[in-house]
Every structure is written in C-alpha cells, then in structure tokens.
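# the following block contains a protein sequence and its predicted model.
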Amino acid sequence: MMPFYGRPDHFRLAVESVLAQDSPDWRLTIIDDVYPDVEPGRWAAAIDDPRVRYIRNDENLRPSRNYNKAIGIAEAPWLTIMGCDDLMSPRYVARVLELIERFPDADLVQPGVQVVDADGQPHLPLADRVKRSYVPRGGRPLLAAGEPLATSLLRGNWTYFPSLVWRRERMGSGFRTDLDVVQDIAMIFGIVADGGALVIDDEPIFSYRRHARSLSATTGADGTKFAQERVFFAEAAERANALGWSRAARAARWHLSSRLNALTELPGALRPSAGAARRNLLRHAMGGL
C-alpha cells in the first residue's frame, strides 16, 4: 500500500522500486490523496501491470486517514504502508516472505533499513544513530515479544514505519487519528501488549528517506509532536502497569530519548517569537506529563 502526496520524482522512484522486485508475489495499491498535480497519478494509472492498482481519493484525507483507508481496502494477509518517497531493494518482498515463513507466529516484520537523504545518498543523522542503540541485541533474524520488546520500544522507537510489514488482522480498526505523529508506535505497542511478536532482521532491503519535510520533522520544532508523545507514554505506562511490566512502565514514564529529542529542538525555538514552542519543548524535556 502506497499513500501518495509528495515529490513526483521521489514517487516515481518508489513505485519503480516495487516494480523491480525479484519476487513476483506482490501487489501495489497507490492511494493518491488528491495531490494537486495530476500528472503523477496519470503516470501511475498507465502502468501496464495487473498487480498495480491506482486510486485517487475524492477528498484529501491527510496521512492518518489515508493510512486507515489503506488498511481497509487491503486484501492480502500482510501489508506494508510504504512511503511514497522511500525505496525497496529488489530483494525486499522475497526476504520478507522468507521471514514470514520462518516465523509463522510473528505479527510484524522489521526488515533491515538503510537511511538516505533527499538525494538518495546514505545518511545517518543523530536521531538514527540513537535509534539503533535501542534495538534488542541478539542474532538476526530475531523474534522479539513481551516486556523486553515493549521496554526497548518505549525507551526509543527504533522501528521505521514505512518499512514495516504488518499482519493485517492485528491492525484492528486502524491507526489512531488523534496521535497522527506517533500513531505507528501506538499501534505497535498495542500489538505487543496484546501478545504480538516482531521479527527483527538486519539485511538492508529498504531505504528510508530522512528529510526536513517529514511530518515528525515539521511538528518537532514547535513542540506539537511532543504533546502527542506525552499522551502516548502516559497511556503506555498505565497499560504496562496493568500487565505487571514494571520495566516497560518505567521506560514509558521516563521517556528519556523523547525528552532529549525535545532538547535538540530548542535551538530552533530561541527566537523571540517562538515563546510558545520554547515552553512546549522545555516542558517536555523536563518530563512534564
């Protein structure tokens, strides 16, 4: 599933990376969220491959509701909600199918990811270096579950949403639209708390494009994403406590990496007109719930 609203050149590269898969066992549904330029949609609609379906929404749903539409119309038992600016390596589908077969009880697959910049060049900014420090240790591929997995995710969300493969039946009614910046970790934590398991692999078969126009990047500087994170962490701590997961509850209450992230945004909020953003960031960095 590929919700589309973004740079047409990145979109074409993303679609072409799906068409170039070594395995034939895939289907691609593009959901155009009323992108103003109709030419990318015309190009996609003209692709001569029965595995490709193009849909243009009647109205702009924005990311969360478009993701939920993707879940609602998905037909396969497993799906990826791929970013329209990201790239699959030719082995993505084949490797994911190998992992699903090897770990039939898994509900999520996190394949190996390479981070790239807007130009597609390897790129590893501080946020991604920090993320990697929270990934559970062990041989790969690794099946992780329970409190150890939940704790690692609450310390720092090391997954890459557009690369994840989800068991569709585990996604319920979809993502929370009130947490549109942290909807992925909220969904993942819910699955893990319900007994779900996640496969972690390190073969780099997906390129995640990290750039300044992403939703998390544009909502970080003014502190709005951190307000959503506080809601999520408070709820996660309560759920973990109910499960008897004391370490996970403590990780949620502290949410240290999230607070440090807020501190890194502070330099951009030092101008006189950014008083509200500065207060939001300081509140979060100090651990206020």
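Right, received. Where do you want to start? Please read these numbers as outputs of a predicted model, since none were measured by experiment.
# so residue 81 touches residue 1, yeah?
Yes - taking contacts as Cβ atoms under 8 Å, residue 81 lies within contact range of residue 1: 5.0 Å. Placement of C-beta: from N, CA and C, glycine included.
# for these two, list the residues in contact with both.
Taking Cβ atoms under 8 Å, 6 or more residues apart in numbering as the criterion, residue 81 and residue 1 both touch 70-71.
# and the longest strand for this protein?
Of all the segments assigned as strand in the chain under DSSP state E, the longest by residue count is strand 197-209.
# show me what that strand is packed against.
In this structure, strand 197-209 packs against strand 87-88, helix 92-102, strand 108-116, strand 142-145, with contacts taken as 3 or more Cβ pairs under 8 Å, 6 or more residues apart in numbering; DSSP states H and E.
# run the last query once more with 6 Å
helix 92-102, strand 108-116, strand 142-145 (3 or more Cβ pairs under 6 Å, 6 or more residues apart in numbering; DSSP states H and E).
# tell me which of these is the most buried.
When you average the neighbours per residue for each of those (mean count of other Cβ atoms under 10 Å), strand 108-116 leads with a mean of 21.
# what's next to that strand, contact-wise?
The list of residues contacting strand 108-116 from outside it, by Cβ atoms under 6 Å, 6 or more residues apart in numbering, reads 96, 99, 122-124, 128, 159-160, 163-166, 198-210.
# if we can go back for a sec, buried set for the longest strand of the chain?
By 16 or more other Cβ atoms under 10 Å, the buried positions in strand 197-209 come out as 197-201, 203, 205-209.
# which SS class is the closest residue to residue 131 other than its chain neighbours?
Here the nearest residue to residue 131 in space, its sequence neighbours aside, is residue 158; by Cβ to Cβ, 6 or more residues apart in numbering that works out to 4.4 Å. Using DSSP: H, G, I helix; E, B strand; the rest coil, the secondary structure recorded for residue 158 is coil.
# got it, and residue 21?
Three-state call for residue 21 (three-state DSSP): coil.
# surely it is in contact with residue 93?
Yes - contact status for residue 21 versus residue 93: in contact at 4.7 Å, counting by Cβ atoms under 6 Å.
# related to what we said a few turns ago, distance to residue 180 for the buried residues of strand 197-209 - can I get that in JSON lines?
Supplementary listing: the buried residues of strand 197-209 in JSON lines, determined by distance: Cβ to Cβ, whole Å:
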{"residue": "197", "distance to residue 180": "26"}
{"residue": "198", "distance to residue 180": "22"}
{"residue": "199", "distance to residue 180": "26"}
{"residue": "200", "distance to residue 180": "26"}
{"residue": "201", "distance to residue 180": "28"}
{"residue": "203", "distance to residue 180": "31"}
{"residue": "205", "distance to residue 180": "27"}
{"residue": "206", "distance to residue 180": "22"}
{"residue": "207", "distance to residue 180": "24"}
{"residue": "208", "distance to residue 180": "19"}
{"residue": "209", "distance to residue 180": "19"}
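# now stretch 64-75 - C-alpha only, PDB.
As requested, the backbone C-alpha atoms of stretch 64-75 are provided in PDB (Å, rounded to 0.1, in the frame of the first residue of the first chain):
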ATOM      1  CA  SER A  64      -3.600   9.100   9.200                       C
ATOM      2  CA  ARG A  65      -7.000   8.700   7.500                       C
ATOM      3  CA  ASN A  66      -5.300   7.700   4.200                       C
ATOM      4  CA  TYR A  67      -3.300   5.000   6.100                       C
ATOM      5  CA  ASN A  68      -6.500   3.700   7.600                       C
ATOM      6  CA  LYS A  69      -8.100   3.600   4.100                       C
ATOM      7  CA  ALA A  70      -5.100   1.500   3.000                       C
ATOM      8  CA  ILE A  71      -5.800  -0.900   5.800                       C
ATOM      9  CA  GLY A  72      -9.500  -1.100   5.000                       C
ATOM     10  CA  ILE A  73      -9.000  -1.900   1.300                       C
ATOM     11  CA  ALA A  74      -6.000  -4.200   1.700                       C
ATOM     12  CA  GLU A  75      -6.800  -7.800   0.600                       C
END
